[in-house]
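> Here is my input, please return the structure:
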Amino acid sequence: MGIVLGANRYGKAEVHLVRVDRGEAWHALSDVTVSVALSGDLTDVHLRGDNANVLTTDAQKNTVFAFAAEGVGQIEDFGLRLARHFVDSQPAIDRAVVRLVEQPWDRIDDAPHSFSRNGSCQRTAQVCYAGGTAEVVSGLTGLTLLNTTDSEFWGYVKDRYTTLAETTDRILATAVDARWRHTDASGDFGKSYVDVRRLLTAAFAETYSYSLQQTLYAMGERVLAEHPELAEIRLSLPNKHHFLVDLSPYGLDNPDAVYYAADRPYGLIEGTVTRDDAAPSMMDW
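Below you'll find the model as predicted:
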């Protein structure tokens, strides 16, 4: 039985850049963290320490900053520019994956150059370029949503370790991590992002929920129904538990008003909503 080198990649992780676009009257801000992973003819560096085919990770970092000097724009487009550059400029590299996370900032009271950091959620993207083909996955993370009612949970399996009481009215809360794959590596990614976020939020609010799994599917189905250019959407929904506090030891009633918000442990519901004819993805995401 022989020993061989398996799948491998290398790159620069979490290059944090901030670009200021200085218009005559208004400034705009881009705050993006970029991670690069390259694959290709890298056997010699692993087996013999021969660095002839290695583009240093420091050079990858410098490339990110240099490309930002030309503008960032939509993070999907920025990632595509980088991925194509690394493959097309390096004979030994045949595959590049670029992951991006954008931190939003809000303008302060219509001030031309003052901003406050927006903590609502972060925009994400992952792009892959290999064999002359590109694939784009857009997304968001940390979108916290909560319904104060219209959620039930009952009829589940009960074994000797089950203590959770059934309920026909509960708080349902989650922090959405969503990623959606485009069928074409072009288009108006900014407009698509705004609308997908709107649809996810609307489906959460409008679904009478009997389980977080049901809500997950309703959210994904709403997005694919409205966006035929998307092949699939993957959702990760932690269940942000809210437990009704027992105030009876203090002689007080608690008519579904005071809750304990537990941060851990938590239920984690994950799933993919896809088209039955969707082509397989080029990358793990």
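> Just list the residues touching the residue nearest to Ala279 when sequence neighbours are not counted, thanks.
What sits nearest to Ala279 in space, not counting adjacent residues and going by C-beta to C-beta, 6 or more residues apart in numbering, is Ala231, at 6.8 Å. Any C-beta I mention is one placed from the backbone N, CA and C, and that applies to glycine too. Under the criterion of C-beta atoms under 8 Å, 6 or more residues apart in numbering, the neighbours of Ala231 are 181-183, 274-275, 278-279, 281.
> per-residue confidence at the nearest residue in space to Leu146 that is not next to it in sequence?
The spatially closest residue to Leu146, leaving aside those adjacent along the chain, is Ala173, at 4.0 Å (C-beta to C-beta, 6+ apart). Per-residue confidence for Ala173 comes out at a pLDDT of 98.
> OK, contacts around Ala173?
144-147, 239-242 are the contacts of Ala173 under C-beta under 8 Å, 6+ apart.
> just Glu135 next, same as before
By C-beta under 8 Å, 6+ apart, the residues touching Glu135 are 127-128, 181-182, 185, 281-283.
> cutoff 10 Å now
If you count contacts by C-beta atoms under 10 Å, 6 or more residues apart in numbering, Glu135 has them with 80, 83, 97, 126-129, 181-185, 231, 279, 281-283, 285.
> that's a helix at the residue nearest to Ala279, yeah?
No - using DSSP: H, G, I helix; E, B strand; the rest coil, the secondary structure at Ala231 is strand, not a helix.
> Relative to Val258, how far out is it?
Relative to Val258, Ala231 is positioned 44 Å away (C-beta to C-beta, to the nearest Å).
> again with Met219
Taken as C-beta to C-beta, the span from Met219 to Val258 is 29 Å.
> in the stretch 101-250 of the chain, which spans are helices?
Assignment of helices within the stretch 101-250 of the chain using DSSP state H, counting those that start in this stretch yields the ranges 189-206, 212-226.
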